[in-house]
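Engineer: predicted structure and sequence below. I'll ask about it afterward.
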Amino acid sequence: MDVIALVGPSGTGKSHRALWVAQQNGADAIIDDGILIKDGKVIGGTSAKKEKNRIMAVRRAIFVLPGHASDVRRAIAQSQPRRILLLGTSENMVQKIAKALRIGPVSKIIRIEDIASKKDMEIAQYHRLKRGEHIIPVPTIELKPHFSGYLIDPIKSFFKTSSSKRRRLGERSIVRPVFSYYGKLVIDDSVIKNIVHIVAEKLDEVHRVGRTHIRHLVNGDEDLGITVSLEVVFAYGHAIAETMMRLRRELQMEIERMTGMVVHEVDILVKSLYVDKATAARA
């Protein structure tokens, strides 16, 4: 596994150009602000942007907080990237990250001033310092489970709201990368309902899924997530309570994985039990 790095002062547009640099240099994984990104997904780590102060954010970014480096090392071992692109403010920082993650020395250093003009960097610094906006190189739909409550301009079509208000956030704010947004994204409630049916009916214990309802939780222009309620008919002979707990976990995990929405509750109502003819005859 090879390791390269993109370095430059904070707020000069490194994260904005990370995907392009990775593509140009054959890197299939990126480490930025404490998280490991591969194939457009966050697969390990915790973002430094979630820390409450600058000191803790720096410690998170260089992987010195307990358990953080080991978590990302496991993710690297499982995903086996061919080449990793590290982002940092200096050569010293990216070498520290490489050492903490035990991925070897950095073989190539790319400087932000070599790939971005002075004007581009000034614009990036304006958005970072004056407007408090920070970009992470993954789509918003992938960020939502990791950064609930920290997204500026979320995908409002999820929640059918036309409010034009925008919350004022500090440096911890995260914006949708313009290079990962190709027009309007809409996920209709019927899609979520189809996911519910497919996941539930894979279980032998579930005979049929009945009515399903999706409720959107919205506070002004801030999307808070969804709740899901469904009616099911269980097959006779199975442990109902255990099956309901397993079904709730699997529905939450699959809906969040496929849609990027935060699922707060999954309520299941068992309407009846299905007894097949053979079971009824034996009874």
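Structural biologist: Okay, I see it. Residues are numbered from 1 along each chain as shown.

Engineer: count of residues packed around the residue nearest to Glu201 when sequence neighbours are not counted?
Structural biologist: Distances taken as C-beta to C-beta, 6 or more residues apart in numbering put Val209 closest to Glu201, at 6.0 Å, once the chain neighbours are dropped. For the C-beta atoms, the positions are set from N, CA and C on the backbone; glycine is no exception. Val209 is flanked by 19 other residues according to other C-beta atoms under 10 Å.

Engineer: do you know the pLDDT at Val209?
Structural biologist: At Val209, the predicted lDDT confidence score is 93.

Engineer: what kind of secondary structure is it in?
Structural biologist: strand (DSSP: H, G, I helix; E, B strand; the rest coil).

Engineer: show me what contacts it?
Structural biologist: Val196, His197, Ala200, Glu201, Leu230, Glu231, Val232, Val233 (C-beta atoms under 8 Å, 6 or more residues apart in numbering).

Engineer: which strand or helix spans the fifth one?
Structural biologist: Secondary-structure assignment from DSSP states H and E places Leu230 in strand 222-235.

Engineer: that strand pairs with which strands?
Structural biologist: The pairing partners recorded for strand 222-235 under DSSP bridges are strand 206-219 (antiparallel), strand 263-274 (parallel).

Engineer: which one of the contacts of Val209 sits closest to Ala239?
Structural biologist: Taking C-beta to C-beta as the measure, Ala239 sits nearest to Val232 out of these, at 14.1 Å.

Engineer: measure the closest one to His197 for me?
Structural biologist: Val232 is 10 Å from His197, where distance means C-beta to C-beta, to the nearest Å.

Engineer: have a look at these two and say which one is more surrounded.
Structural biologist: Val232 (25 against 15).

Engineer: what bridges to that one?
Structural biologist: Val209, Val270.

Engineer: mind checking how far it is from Met244?
Structural biologist: In terms of C-beta to C-beta, Val232 sits 8 Å off from Met244.

Engineer: for those two, list the residues in contact with both.
Structural biologist: Ile268, Val270.

Engineer: who's in contact with stretch 75-92?
Structural biologist: 1-10, 14-15, 18, 21-22, 25-33, 36, 38, 43-45, 61, 94, 97-98, 101, 103, 106, 109.

Engineer: buried ones among those?
Structural biologist: Neighbour-count burial (16 or more other C-beta atoms under 10 Å) applied to the contacts of stretch 75-92 gives 2-8, 14-15, 18, 21-22, 27-33, 36, 38, 43-45, 61, 94, 97-98, 101, 103, 106, 109.

Engineer: show me what the biggest helix by length in the chain is packed against.
Structural biologist: The longest helix of the chain (DSSP state H) is helix 240-259. Helices and strands touching helix 240-259, by 3 or more C-beta pairs under 8 Å, 6 or more residues apart in numbering; DSSP states H and E, are helix 189-201, strand 222-235, strand 263-274.

Engineer: between strand 222-235 and it, find me the angle.
Structural biologist: 140 degrees (axes from the mean of the first three to the mean of the last three C-alpha atoms, to 10 degrees).

Engineer: buried residues in helix 240-259?
Structural biologist: Those would be Thr243, Met244, Leu247, Arg248, Leu251, Gln252, Ile255, Glu256, Thr259, for helix 240-259 by 16+ other C-beta under 10 Å.

Engineer: now do the nearest residue to Ser229 once chain neighbours are set aside against Gln252, distance only.
Structural biologist: Leaving aside its chain neighbours, Ser229 sits nearest to Asp267 (4.2 Å; criterion: C-beta to C-beta, 6+ apart). Taking C-beta to C-beta as the criterion, Asp267 is separated from Gln252 by 11 Å.

Engineer: how about Ser70?
Structural biologist: 26 Å.

Engineer: next one: Ala77
Structural biologist: On the measure of C-beta to C-beta, Ala77 and Gln252 end up 27 Å apart.
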